[in-house]
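Student: with the input below, show me the fold.
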Amino acid sequence: MKPEARIAVCPGSFDPVTYGHLDIFGRSAQLYDEVWVAVFHNASKNALFSVEERVELLRETTRDLPNVRVASFQGLVVDFCKEHGAGVLVKGVRAVSDFDYELQMAQMNYGLGGIETVFIPTNPLYSFLSSSMVKDVAKWGGDITPHVPQIVQTRLVERLRD
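Tutor: Predicted structure coming up:
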């Protein structure tokens, strides 16, 4: 009997994707047979990039990870997991403050759909990094080269110039 594929989901807004996100995706891809990067529609956040643009950037920046897929979703992440046969969510945590929030979300997701959450500590190189910080630095003309892939940097500079 062949064991079922181990499928994980990495949910987030990814506005924009950073090297910190890509590190978590790559490490997850080593642990699971298939990893879905799930871009959620969050009406409460004022996103710089549309969901479609974020999906495009994620597909471009994860193309070297053959077992990583990218899709968008609306609604509950547990429903996305069920739809894609995933039994686990993978979340990167940078600090205790991240863990506090993510633990509450993990408990809610387990209660809603029996979906487990695995926490991966962020690589220390990216422990301070956030999409918001990258956007702020780019907005003021700072160098974001160490924090995002070239395609993301190009698109971010273009968007902020518009």
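
Student: flag every buried residue along stretch 23-39.
Tutor: The neighbour-count criterion (16 or more other C-beta atoms under 10 Å) identifies 23-29, 32, 34-39 as the buried residues of stretch 23-39. Yep, even glycine has a C-beta here, placed from its N, CA and C like the rest.

Student: measure it end to end?
Tutor: 16 Å (C-alpha to C-alpha, to the nearest Å).

Student: quick one: mean pLDDT over that stretch.
Tutor: Stretch 23-39 carries an average pLDDT of 98.

Student: from here on, count from 41
Tutor: New numbering, starting at 41: the last item is stretch 63-79.

Student: the helix or strand encompassing D176 packs against which elements?
Tutor: Per DSSP states H and E: D176 is located in helix 171-179. Judged by 3 or more C-beta pairs under 8 Å, 6 or more residues apart in numbering; DSSP states H and E, helix 171-179 is in contact with helix 190-201.

Student: could you check the angle helix 171-179 makes with the helix it packs on?
Tutor: Calculated by axes from the mean of the first three to the mean of the last three C-alpha atoms, to 10 degrees, helix 190-201 forms an angle of 70 degrees with helix 171-179.

Student: next, the buried residues of helix 190-201.
Tutor: So helix 190-201, judged by 16+ other C-beta under 10 Å, has buried residues 192-193, 195-196.

Student: what's the first helix or strand after the lengthiest helix in the chain?
Tutor: Counting residues, the longest helix found in the chain (DSSP state H) is helix 136-153. Using DSSP H and E, the next helix or strand after helix 136-153 towards the C-terminus is strand 156-161.
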